[in-house]
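Novice: turn this into a model:
(one chain, ligands or ions: 2)
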Amino acid sequence: MPPHHRAGFHEYLARVKREGRAEGLGTVLASDGTRRVWHFHSSIRREGVAEPVVRSIVTDVTDARARERLLADRETRLRHAQKIEAVGKLAGGIAHDFNNILTVIAGHLALATDESQLMPAQARADLEEVTRAVGQATRLTRRLLGFSRKQLLAPRVVDVNALITELEPMLARVLDERIAFAAHPSPTPARINIDPSVLESALVNLAVNARDAMPDGGTLTVDTVVRGRMVTIVVRDSGTGMDPETLARAGEPFFTTKGAGVGTGLGLAMIYGSVEQSGGSIRMESTPGAGTVVHLLFPVATGDSDAETPTEEHRAARRSTPPPPSVRPVSVLVVEDEDPLRRLVERILVREGYHVTPARHGADALHIVSALDDPIELLITDLVMPELGGREVTEALRATNPSLPVLYISGYDPDPVGLDVGDQANTAFLAKPFTGSALLEHVRRLAPPRRDAAR
Ligand code: ADP
Ligand code: MG
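Specialist: Residues are numbered from 1 along each chain as shown. Ligands and ions are numbered 1, 2, ... in the order given. Next up, the predicted model:
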């Protein structure tokens with residue numbers, strides 16, 4: 001019997017003597033040093049013996065208990081996965097609606113930025129600030145979508161140290177002055193394969209939690225540790241900490257100890273979802289009154305760090321040049337049920353010299369086309385619309401115009417709606433929110449401007 005279990009065993013024997021019988025679990029050490037769990041069923045025997053003896057029937061339940069624990073563990077994980085899935089659907093729905101709004105905001109911003117040479121310097125600076133904020137919001141909705149559908153994550157090799165340095169200004173904005181922040185990068189590069197937006201929002205969310213846990217100030221540190229094949233990001237705060245019950249539930253979707261309107265209870269759940277989708281894992285430790293430590297663990301990436309991909313798409317939009325005047329305008333049909341979004345697409349295309357016919361929904365589109373004299377040369381359509389969806393519109397128009405190029409725009413992934421755009425040269429898919437330059441890029445490829453002698 002292991003030494004610290006002996007006192008408990010003596011108590012058990014005393015109970016057998018007192019009550020005549022008892023049962024319970026005990027830990028014993030096997031001769032090879034392994035621990036076994038025994039179930040004791042004991043009774044006292046007085047007849048026919050000089051002195052009372054304790055007789056025990058013992059069953060080794062070590063393996064049965066291990067199996068049980070494994071099952072319970074699996075069940076817990078399954079329940080967790082189901083919750084995450086439900087929240088994913090919710091988040092995806094919100095992100096979808098938000099994407100529409102963001103597309104409109106970003107699009108008009110790009111248009112306004114184009115004209116900003118005429119504005120006072122301060123107004124131009126304000127515009128730039130808004131553009132940055134919209135960029136952040138766009139990344140956030142991408143993340144929300146990534147939470148519900150992993151296809152939208154775009155992992156690449158990133159150096160965690162560099163990413164954290166980049167994030168510092170944003171983290172500083174989240175924290176208040178009474179919180180001392182320090183990042184301790186690893187001495188060697190910490191390269192992992194991840195969509196940077198996953199790490200970004202994980203760290204911002206953790207910083208917000210840390211701030212909320214330190215109402216009177218404190219310290220927040222973010223350490224990067226490379227050990228063996230693992231990169232660990234250690235986020236440590238000196239806040240209120242969590243008791244074991246809170247800690248156990250903290251990662252559950254909608255679990256929050258913050259008041260209504262303050263906490264959503266989604267922060268940690270989203271971090272769990274996206275980090276695990278990215279091949280990482282999370283460990284949390286917390287002591288009430290002493291603070292919380294969150295470990296984000298990722299396997300080291302093999303291969304080289306990517307060159308910074310250009311993110312400033314607005315600049316590209318500004319560089320776009322209208323087609324030469326000798327080119328006949330391409331005729332584009334734009335089907336979109338969201339008025340502001342349709343107007344935006346129309347405005348972007350008209351500015352570039354396209355001839356645009358707008359339609360408010362699928363039936364409207366078919367009606368308009370039947371009344372047109374000249375054929376449509378490109379169809380841009382929302383994918384999901386009430387009644388007649390984008391695919392139905394395409395089908396109807398291609399019945400008379402089989403080679404009609406189609407650009408689908410949607411806040412949903414092509415996969416969940418069973419749209420395979422990969423293998424058709426004259427079909428493309430553009431995810432919302434999109435930028436003007438991305439839209440024009442697709443439009444130019446699908447419907448290149450043609451010189452038309454007949455006109
Ligand atoms: P929310 O912040 O909206 O409440 P989260 O999922 O981010 O949702 O966190 C869930 C809960 O976990 C919080 O309400 C809080 O009780 C606890 N928690 C999370 N992070 C910390 C922390 N750093 N210190 C103390 N408690 C925390
Ligand atoms: Mg939170």
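Novice: now do the strands in the stretch 151-300 of the chain.
Specialist: Per DSSP state E, counting those that start in this stretch, the stretch 151-300 of the chain carries strands over the ranges 156-159, 179-184, 191-194, 218-227, 230-237, 281-287, 291-299.
Novice: wait, which of those strands is closest to Asp364?
Specialist: The stretch from the strands of the stretch 151-300 of the chain with the least distance to Asp364 (C-beta to C-beta) is strand 156-159; that distance is 41.3 Å. Heads up, the C-betas are built off the backbone N, CA and C, glycines and all.
Novice: that older thread, would a markdown table of the strands of the stretch 151-300 of the chain with mean neighbour count, distance to ligand 2 and mean pLDDT be doable?
Specialist: Converted to a markdown table, those look like this (neighbours: other C-beta atoms under 10 Å; distance: least, C-beta to the ion, whole Å; pLDDT from 0 to 100):
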| stretch | mean neighbour count | distance to ligand 2 | mean pLDDT |
| --- | --- | --- | --- |
| strand 156-159 | 18 | 23 | 94 |
| strand 179-184 | 15 | 15 | 94 |
| strand 191-194 | 23 | 20 | 95 |
| strand 218-227 | 18 | 14 | 96 |
| strand 230-237 | 21 | 12 | 96 |
| strand 281-287 | 15 | 13 | 94 |
| strand 291-299 | 20 | 11 | 96 |
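Novice: dump stretch 156-165 to PDB, restricted to CA.
Specialist: What follows is stretch 156-165, C-alpha atoms only, in PDB (Å, rounded to 0.1, in the frame of the first residue of the first chain):
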ATOM      1  CA  ARG A 156       0.800  30.300 -43.900                       C
ATOM      2  CA  VAL A 157       4.100  30.100 -42.100                       C
ATOM      3  CA  VAL A 158       4.400  33.000 -39.700                       C
ATOM      4  CA  ASP A 159       7.000  34.000 -37.100                       C
ATOM      5  CA  VAL A 160       5.100  34.300 -33.800                       C
ATOM      6  CA  ASN A 161       7.600  36.900 -32.500                       C
ATOM      7  CA  ALA A 162       7.100  39.200 -35.500                       C
ATOM      8  CA  LEU A 163       3.400  38.800 -35.300                       C
ATOM      9  CA  ILE A 164       3.200  39.700 -31.600                       C
ATOM     10  CA  THR A 165       5.400  42.800 -32.300                       C
END
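Novice: what's it in contact with?
Specialist: Residues external to stretch 156-165 that are found in contact with it (C-beta atoms under 8 Å, 6 or more residues apart in numbering): 183, 185-186, 189-196, 199-200, 203, 222, 224, 231, 233, 298, 301, 303-306, 309.
Novice: which of the residues you listed come close to ligand 1?
Specialist: Among the contacts of stretch 156-165, none lies close to ligand 1 by the criterion of C-beta under 6 Å from any ligand atom.
Novice: any stretches of the stretch 301-450 of the chain with poor pLDDT?
Specialist: Per-residue confidence of the stretch 301-450 of the chain (counting by pLDDT under 70) places the weak regions at 303-327, 412-424, 450.
Novice: in three-state terms, label the residue of it found nearest ligand 2 for me.
Specialist: As assessed by C-beta to the ion, ligand 2 sits closest to Pro433 within the stretch 301-450 of the chain, at 24.4 Å. Using DSSP: H, G, I helix; E, B strand; the rest coil, the three-state assignment for Pro433 comes out as coil.
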